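Visitor: With the input below, show me the fold.
(4 chains)
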There are 4 protein chains.
Amino acid sequence: MKKDQVKDCEDVISSMEFIVENINEVIKLLDREAIICMLQKILGGERVFLMGAGRSGLVAKAFAMRLMHLGFTVYVVGETTTPAVRPQDVVIAISGSGETRSIADLGKIVKDIGSTLITVTSKKESTLGKISDIAMILPSKTKNDHDVGGSLEKSMRGDYKNSPPLGTAFEIISLVFLDSLIAQLITLTGASEAELKSRHTNIE
Amino acid sequence: MKKDQVKDCEDVISSMEFIVENINEVIKLLDREAIICMLQKILGGERVFLMGAGRSGLVAKAFAMRLMHLGFTVYVVGETTTPAVRPQDVVIAISGSGETRSIADLGKIVKDIGSTLITVTSKKESTLGKISDIAMILPSKTKNDHDVGGSLEKSMRGDYKNSPPLGTAFEIISLVFLDSLIAQLITLTGASEAELKSRHTNIE
Amino acid sequence: MKKDQVKDCEDVISSMEFIVENINEVIKLLDREAIICMLQKILGGERVFLMGAGRSGLVAKAFAMRLMHLGFTVYVVGETTTPAVRPQDVVIAISGSGETRSIADLGKIVKDIGSTLITVTSKKESTLGKISDIAMILPSKTKNDHDVGGSLEKSMRGDYKNSPPLGTAFEIISLVFLDSLIAQLITLTGASEAELKSRHTNIE
Amino acid sequence: MKKDQVKDCEDVISSMEFIVENINEVIKLLDREAIICMLQKILGGERVFLMGAGRSGLVAKAFAMRLMHLGFTVYVVGETTTPAVRPQDVVIAISGSGETRSIADLGKIVKDIGSTLITVTSKKESTLGKISDIAMILPSKTKNDHDVGGSLEKSMRGDYKNSPPLGTAFEIISLVFLDSLIAQLITLTGASEAELKSRHTNIE
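Guide: Numbers count the residues shown, from 1 in each chain, chains lettered A, B, ... in the order given. From the prediction side, this is the model:
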């Protein structure tokens, strides 16, 4: 691939438009009862634990960081000083397919401990969706949904034209959704932005 | 804060709508020449290094993972097996303010080495913006832009109504933009989704 | 616990002496054929992958970093740009008990892929020990070996006097052993310390 | 390098013996007043923060994990949910040379905040050594101490025969020392191994 073959950036623009449409669609399909229930569980738990693999794990960390800014006691599964989960804790799993092996295994352990398990996923009928106290459904393409035989370019001429690959759509919509939960939690807790900023790391 | 005070989730919805509007605005303001130039640098570099602090660092990792799926030799600054940067490498910094201390310091070292430095930021006139070969500008609120004296709730009644706090807007728009760069790189390299999936970790 | 109750630091000294004795014992018990075989597999593999959970995962990262300095293509399982494992790769697992759930599960996947699996462990007859191509045994106390009912202080008056808790002994001995493998690999590859240093990250 | 050229593993053994000698030497040279003072600061601080770059950062994480098992409120600088440092906190930096750029910069910020700064280093007269409340000196070779012009093999015939490369000696001795501090803290706090194990992550 020669770098001087780059002549335009139309796919960048159309992919961004595709993502906007995807968010707009999900807004219409959101189960508001589930959101309220999820907010209640987060506020009612003793501590909050986040987990996810790959890019979903990065979304989990982004949400965990904001919960810390809001004053929650919050941990990311797999980080250095994350303690043992206890029954009164809330564990939030992020998994587009709801089938990510390691996360589903941990989800089962969480339920054995007796903690509350919330899964943010696009698949209600998945392994994680079925064992969770709340399955927060964000309908979107995941990395298992595609005809992996054809080229993406070809598929992009069809239904998935200009869609970003693999689980990208789910990862973006889950970040947008969770950051919007933070907006609601700010209203609910009456936190000021100054308070959030005072908890933001001062040594980075 | 009692959990039974959660009566609705209107802020979740309006925050998601706010984010959509923000992306739509940025689409209009994007400098297409800069995007083409950024794509050329990424394709022309020997290896690609990503860096960022906090949530911007998570966005950097999300982009790095997709570049690996596309077949690029790519590293995240600070991870275990990341080697020394060389002059023919491309280093991409993500920083909303363009002033994050540690990242700006590393940016200066990158320019001393003689490598190409690209900064994704909302501030052209920032420390990082000024020393970069390409400053890819994504106009959005960052964590330093807010009146930190007032409550966020109050500010949300004004210009920033329902906006997510601190640098959230920039972090989301930079993820959306970089994932859309991936869509363009897929077209440019002719990669199929099956090829991407074959590089996706098989032990997670 | 009041800070002015700290009157001496005798346990620091005796614990360090305990660790020295432990290393000396392991030196006598090392299976030299297994070490030679492990060195051959590392040198003969296409790429090297390291994995481990908790503190054993930190030891895995420390070894991976030095292999990178030596010029190996090496990855840590779970980091951002780690690609899919292929049959011609070598995967090294670090697990004191050889039973760490997530690592044992990944070990099985590695064997299904057809890659070479080496486990550094204190238990030959463990799940990981049994499925590995090479089980490199470092005899030492692990976190499952202790009478967890009694206080450590009490146990320290007996056989385990001044021993560091849980899997500490294994973690230290595995770091010492793997860093010593590096010394041998330096001799075998003829690498100079200047070469190693040239690959050491220049942006930290 | 052919894998069938591996004929023995004598360097593994002699490197392990070298490490043992190094630990024995450091035991003799330890400043016991500084250790007692460090224990007092750790016990007297509100929260403990650990920081380090590269392999010293891994040692920092290993110590942080054990402090968490002991019941301390402890964070690793750079991890997701690490909050802002406050004056009543204790920050522990690990740096063999005491000159690691990013860590020295953070050390200065820590002193500006007014927190207690402890540096574990081999160089009393280093940047970090000089600004710290306590410089805990562990005399050992660091990555800047070597004649980087000669081959390591050659140097190993002289004073550094069979020494592991770069900062390895410091990294091992700092892990051994910090794990031995844990043994002392167990005695001081009266913690049982069962208590430690109950805090060990139950979802890994």
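Visitor: Return the residues in contact with residue A:38.
Guide: The contact partners of residue A:38, taken as C-beta atoms under 8 Å, 6 or more residues apart in numbering or on different chains, are A:118, A:134, A:136, A:181. All C-beta atoms are positioned from the backbone trio N, CA, C, and that covers glycine.
Visitor: quick one: the helices in chain A?
Guide: Taking DSSP state H to define them, one finds helices in chain A at A:10-29, A:32-44, A:54-69, A:101-113, A:127-131, A:152-157, A:168-189, A:193-199.
Visitor: So which residues on chain A come close to chain D?
Guide: A:49, A:51, A:61, A:64-65, A:67-68, A:74-85, A:91, A:106, A:109-110, A:113, A:198-204 (C-beta under 8 Å from any C-beta of the partner chain).
Visitor: Relative to chain C, how far out is residue A:18?
Guide: Using C-beta to the nearest C-beta, to the nearest Å, we find residue A:18 at a distance of 25 Å from chain C.
Visitor: cool, and residue A:99?
Guide: Using C-beta to the nearest C-beta, we find residue A:99 at a distance of 14 Å from chain C.
Visitor: Residue A:108: what's it in contact with?
Guide: residue A:131.
Visitor: One more: residue A:13?
Guide: B:27, B:30, B:180.
Visitor: 10 Å instead?
Guide: Applying C-beta atoms under 10 Å, 6 or more residues apart in numbering or on different chains, we find residue A:13 in contact with A:162, B:27-28, B:30, B:32, B:35, B:180, B:183-184.
Visitor: again, but for residue A:29
Guide: Counting by C-beta under 10 Å, 6+ apart, residue A:29 makes contact with A:137-140.
Visitor: just residue A:106 next, same as before
Guide: Contacts of residue A:106 by C-beta under 10 Å, 6+ apart are A:49, A:51, A:53, A:77-78, A:85, A:91, A:93, A:100, A:117, A:128, C:101-102, D:202-204.
Visitor: buried residues in stretch A:69-81?
Guide: Within stretch A:69-81, the residues that count as buried by 16 or more other C-beta atoms under 10 Å in any protein chain shown are A:69-72, A:74-81.
Visitor: of all those, which two lie farthest apart?
Guide: Using C-beta to C-beta, the buried residues of stretch A:69-81 span at most 22.8 Å, a distance reached by A:71 and A:78.
Visitor: Quick test: name the residue nearest the centre of chain A.
Guide: Chain A has residue A:174 as the residue nearest its centroid, 3.6 Å off, counting by C-alpha atoms, centre = their mean.
Visitor: Just the pLDDT for the residue in chain A that chain C sits nearest to.
Guide: Proximity of chain A to chain C (C-beta to the nearest C-beta) peaks at residue A:102, 5.8 Å away. Reading off the confidence values, residue A:102 has pLDDT 92.
Visitor: are any of the residues of chain A next to chain D buried, and which?
Guide: Neighbour counting with 16+ other C-beta under 10 Å marks A:49, A:51, A:61, A:64-65, A:67-68, A:74-83, A:85, A:91, A:106, A:109-110, A:113, A:199-204 as buried within the residues of chain A next to chain D.
Visitor: Could you pull up the contacting residues of the nearest residue to residue A:164 once chain neighbours are set aside?
Guide: Distance criterion C-beta to C-beta, 6 or more residues apart in numbering or on different chains; nearest residue to residue A:164, sequence neighbours excluded, is residue B:179 at 4.6 Å. The contact partners of residue B:179, taken as C-beta under 10 Å, 6+ apart, are A:12, A:15-16, A:19, A:55, A:164-165, A:168-169, A:171-172, B:59, B:62-63, B:66.
Visitor: Let's see that with 8 Å instead.
Guide: When contacts are counted by C-beta under 8 Å, 6+ apart, residue B:179 touches A:15, A:19, A:164, A:168, A:172, B:62-63, B:66.
Visitor: Identify, from those, the entry nearest to chain D.
Guide: Nearest to chain D out of the contacts of residue B:179 is residue B:62 (C-beta to the nearest C-beta; 14.1 Å).
Visitor: Report how many residues lie close to that closest one.
Guide: Neighbours of residue B:62 under the rule other C-beta atoms under 10 Å in any protein chain shown: 28.
Visitor: same deal with residue A:172?
Guide: By the criterion of other C-beta under 10 Å, residue A:172 has 25 neighbours.
Visitor: Test my guess that it contacts residue B:178.
Guide: No - using C-beta atoms under 8 Å, residue A:172 is not in contact with residue B:178, being 10.5 Å away.
Visitor: Surely residue A:46 and residue A:89 touch.
Guide: Yes - counting by C-beta under 8 Å, residue A:46 does reach residue A:89; the two are 5.6 Å apart.
Visitor: Which one's more surrounded, these two?
Guide: residue A:89 (20 against 11).
Visitor: wait, the more buried one sits on residue A:116?
Guide: Yes - in terms of C-beta under 8 Å, residue A:89 counts as a neighbour of residue A:116; the distance is 7.4 Å.
Visitor: Can you work out which residues contact both of the two?
Guide: residue A:45.
Visitor: Return the distance of residue A:45 relative to residue B:29.
Guide: Residue A:45 sits at a distance of 41 Å from residue B:29 (criterion: C-beta to C-beta, to the nearest Å).
Visitor: Repeat that for residue A:182.
Guide: Distance check for residue A:182 against residue B:29: by C-beta to C-beta, it reads 25 Å.
Visitor: hang on, the earlier thing: and which of the contacts of residue A:29 is nearest to residue B:193?
Guide: Proximity of those to residue B:193, judged by C-beta to C-beta, is greatest for residue A:140, which lies at 15.5 Å.
Visitor: Near that closest one, how many residues? Count them for me, please.
Guide: Residue A:140 has 23 neighbours, counted by other C-beta under 10 Å.
Visitor: Residue A:117 too?
Guide: Residue A:117 sits with 24 neighbouring residues when counted by other C-beta under 10 Å.
Visitor: Please apply the same query to the one 10 residues further on.
Guide: Residue A:127 sits with 21 neighbouring residues when counted by other C-beta under 10 Å.
Visitor: Next: residue A:190.
Guide: The number of residues packed near residue A:190 is 11, by other C-beta under 10 Å.
Visitor: got a pLDDT number for it?
Guide: Turning to residue A:190, the model gives it a pLDDT of 91.
Visitor: Residue C:49 versus that one, what's the distance?
Guide: Remark: distance between residue A:190 and residue C:49 (C-beta to C-beta) = 48 Å.
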